[in-house]
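*Asks:* Next comes the sequence, and after it the predicted model I'd like to discuss.
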Amino acid sequence: MVIHKNGIVTANADRGALRSQLLSARMSLPQAEKGLLDARLCALLSTHLKTVYGGFLESSDSMGAKTIALYWPIRGEPDLMPLAHDLLDAGWQVLLPVVLEKHAPLRFAAYSSQMNLNVGAYGILEPDERDIVDCIPHVVVIPCVGFNAANYRLGYGGGYYDRTLASWRHAVADVHTVGVAYAAGCVDFAASEFDIPMDVILAV
Ligand SMILES: Nc1nc2c(c(=O)[nH]1)N(C=O)[C@@H](CNc1ccc(C(=O)N[C@@H](CCC(=O)O)C(=O)O)cc1)CN2
Ligand SMILES: Nc1ncnc2c1ncn2[C@@H]1O[C@H](COP(=O)(O)OP(=O)(O)OP(=O)(O)O)[C@@H](O)[C@H]1O
């Protein structure tokens, strides 16, 4: 048995039970509180990007614009889309995940402010597949249902981000992975064989 510090109790290695308890806790976060936390997380991510990349306006260099993969929020995930618009204004290319095929790596498509999004797999809004780009993003921001002290994350159990990062393994040193979560998502669990730790977890 594992007693997590936020009071959740699960059997050892029961990722499914942990996932569903974390999800119901996250979905019951009051809207007003969520709004404040999301604004803090946008500010934290923005500061982090400035620290790593030296200011938004230098997002273009001789190699072209910097690319960042965000996500369209579902199931009470932090909403970082307000930051997407600031990043676009500052010259970043913003990408969103597209599930073209189940049990396969994610693809990423260019997002722009006025675009219409389609309802994709799992009911998640995503850009049209004609906007898919083949590049590996400089930064991938990954929502976490839970995370542990060693920067491993728990997602929805599809293994999509793990498969995607594994598929970039030859270039993975160039991809900066940022897990984002609410602090209540910090729990103890053992990493599984496919789990790839995040470079950084930002939690509010
Ligand atoms: N906002 C957002 N978009 C994202 C992700 C994400 O984590 N967040 N993804 C990150 O991967 C991908 C979608 N991944 C998903 C994986 C599983 C389920 C899902 O509903 N799973 C079922 C159980 C799985 C099964 O047994 O087949 C469920 O929860 O009921 C949803 C999304 C791509 N887009
Ligand atoms: N690189 C990979 N190759 C093959 N299967 C993989 C790979 N990565 C993960 N999987 C499979 O995906 C399934 C889900 O993995 P896991 O529980 O780690 O998902 P998750 O990280 O919570 O989900 P997600 O990344 O979609 O948010 C597991 O059955 C695992 O075997």
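*Replies:* Yes, it's here. Ligands and ions are numbered 1, 2, ... in the order given.

*Asks:* From now on I want contacts and neighbour counts done on CA atoms only, so please keep to that.
*Replies:* OK.

*Asks:* so what's the closest residue to residue 98 other than its chain neighbours up against?
*Replies:* Take residue 98 and drop its neighbours on the chain: the residue closest to it by Cα to Cα, 6 or more residues apart in numbering is residue 107, 5.1 Å away. Contacts for residue 107 were tallied using Cα atoms under 8 Å, 6 or more residues apart in numbering; they are 97, 98, 99, 100, 132, 133, 134.

*Asks:* These, buried ones only, as a PyMOL selection?
*Replies:* Filtering those down to the buried ones (16 or more other Cα atoms under 10 Å) takes a single PyMOL command:
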select buried, resi 97+98+99+132
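
*Asks:* and ligand 1, which of the contacts of residue 107 reach it?
*Replies:* Residues of these in contact with ligand 1 (Cα under 6 Å from any ligand atom): 97, 99.

*Asks:* any idea how far ligand 2 is from residue 116?
*Replies:* Between residue 116 and ligand 2 the computed distance is 24 Å (Cα to the nearest ligand atom, to the nearest Å).

*Asks:* Is the residue nearest the centre of the chain in a helix, a strand, or coil?
*Replies:* For the chain, the residue sitting closest to the mean C-alpha position, by Cα atoms, centre = their mean, is residue 142 at 1.5 Å. Secondary structure, DSSP: H, G, I helix; E, B strand; the rest coil: residue 142 is strand.

*Asks:* got a list of what residue 3 touches?
*Replies:* Applying Cα under 8 Å, 6+ apart, the residues near residue 3 are 9, 10.

*Asks:* how about 6 Å then?
*Replies:* Residues in contact with residue 3 (Cα atoms under 6 Å, 6 or more residues apart in numbering) are residue 9.

*Asks:* how close does residue 176 sit to ligand 1?
*Replies:* According to Cα to the nearest ligand atom, residue 176 stands 17 Å off from ligand 1.

*Asks:* For ligand 2, state which of the contacts of residue 107 is nearest.
*Replies:* residue 99 (10.4 Å; Cα to the nearest ligand atom).

*Asks:* worst-scoring helix or strand of this protein, pLDDT-wise?
*Replies:* Here the helix or strand of the chain ranked lowest by mean pLDDT, DSSP states H and E is strand 60-61, holding a mean of 59.

*Asks:* who in this protein is up against ligand 1?
*Replies:* Residues of the chain lying near ligand 1 (Cα under 6 Å from any ligand atom): 71-74, 97, 99, 122, 143, 155-158, 160-161.

*Asks:* quick one: which of these is nearest to residue 114?
*Replies:* Lowest distance from residue 114 to the residues of the chain next to ligand 1 (Cα to Cα) belongs to residue 72, with 14.5 Å.

*Asks:* quick one on the thing from earlier: okay, and the beta partners of the residue nearest to the centre of the chain?
*Replies:* residue 179 (DSSP bridges).

*Asks:* Which other helices and strands does the top helix by length along the chain contact?
*Replies:* Ranked by number of residues, the top helix in the chain under DSSP state H is helix 31-53. For helix 31-53, there is no helix or strand it packs on, judged by 3 or more Cα pairs under 6 Å, 6 or more residues apart in numbering; DSSP states H and E.
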